[in-house]
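# let's see this in three dimensions:
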Amino acid sequence: MRVLWNHRCGLGFGLPLPDVWKGHTWSGQGVPQDEWTARLFADTDLTVQRLPVSAALRGNQNLEASAARALDLMSPARVCALLHADDPVFLASSWGEMCRMIFILERYAPEHGACFHIGEDKTVLFRIGGFGPIPPVFLRPSFSSLPMQVSALLLTDG
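Alright, predicted model coming up:
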């Protein structure tokens with residue numbers, strides 16, 4: 001999934017969580033805001049007191065998603081997809097980032113002859129952790145049909 005890697009997608013790992021965010025329960029919802037993510041990403045010393053506190057993240061899902069995205073980008077390693085036979089598992093730290101990944105794949109697939117068979121009998125959706133309702137993620141079984149609504153943060157096409 002080089003196209004996802006080239007767009008800097010994926011879950012980061014190997015980076016210690018800043019002290020101010022330890023104990024925070026991440027909802028996985030919200031949409032990363034480029035400006036907020038860039039500000040957090042620019043603060044490469046994650047121990048400084050300029051980081052938003054857990055209560056601020058809890059009160060604003062987009063701020064939380066931006067913080068998660070900044071952590072992904074700062075991490076020494078990222079995983080954007082796991083592949084098992086012909087079944088990809090796409091990984092994202094927020095609902096908004098998952099939607100961005102699907103949009104990237106939607107543009108990539110027809111240009112490169114790729115096809116993702118998405119449907120009730122072929123798609124398994126997962127959400128790990130978090131809380132609250134999950135906003136819908138819109139997927140298209142084929143690129144010429146109308147979108148179908150699927151609620152999830154982590155998606156496998158199986």
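
# so in the protein, which helix runs the longest?
Ranked by residue count, the top helix of the chain under DSSP state H comes out as helix 95-112.

# now the strands for the chain?
11-13, 77-79, 81-84, 87-90, 123-126, 136-139, 148-151, 154-157 (DSSP state E).

# which residue sits closest to the residue positioned nearest the centre of the chain, ignoring its sequence neighbours?
Against the mean C-alpha coordinate of the chain, by CA atoms, centre = their mean, the closest residue is Ala92 at 2.4 Å. Of all residues not flanking Ala92 in the chain, Met98 sits nearest, at 3.9 Å (CB to CB, 6 or more residues apart in numbering). Bear in mind the C-beta positions are built from the backbone N, C-alpha and C, glycine included.

# low pLDDT regions in the protein?
Applying pLDDT under 70 to the chain flags the ranges 44-49, 118-158.

# now with 80?
1, 43-50, 86, 115-158 (pLDDT under 80).

# what about stretch 56-64, distance to the chain center?
Taking the mean of its C-alpha atoms, stretch 56-64 sits 15 Å from the chain's own mean (CA atoms, centre = their mean, to the nearest Å).

# do the same with stretch 8-25
13 Å.

# likewise for stretch 30-40?
Relative to its chain's centre, stretch 30-40 lies at 13 Å (CA atoms, centre = their mean).

# what does it contact?
With CB atoms under 8 Å, 6 or more residues apart in numbering as the test, stretch 30-40 has contacts from 51, 60-70, 73, 94-97, 99.

# list the buried ones in the longest helix of the chain?
95-102, 104-105, 108 (16 or more other CB atoms under 10 Å).

# redo the residues you listed as a markdown table? Include distance to Leu17.
A markdown table is the format used below for the buried residues of helix 95-112 (distance: CB to CB, whole Å):
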| residue | distance to Leu17 |
| --- | --- |
| Trp95 | 20 |
| Gly96 | 20 |
| Glu97 | 18 |
| Met98 | 21 |
| Cys99 | 24 |
| Arg100 | 23 |
| Met101 | 23 |
| Ile102 | 27 |
| Ile104 | 27 |
| Leu105 | 29 |
| Tyr108 | 32 |
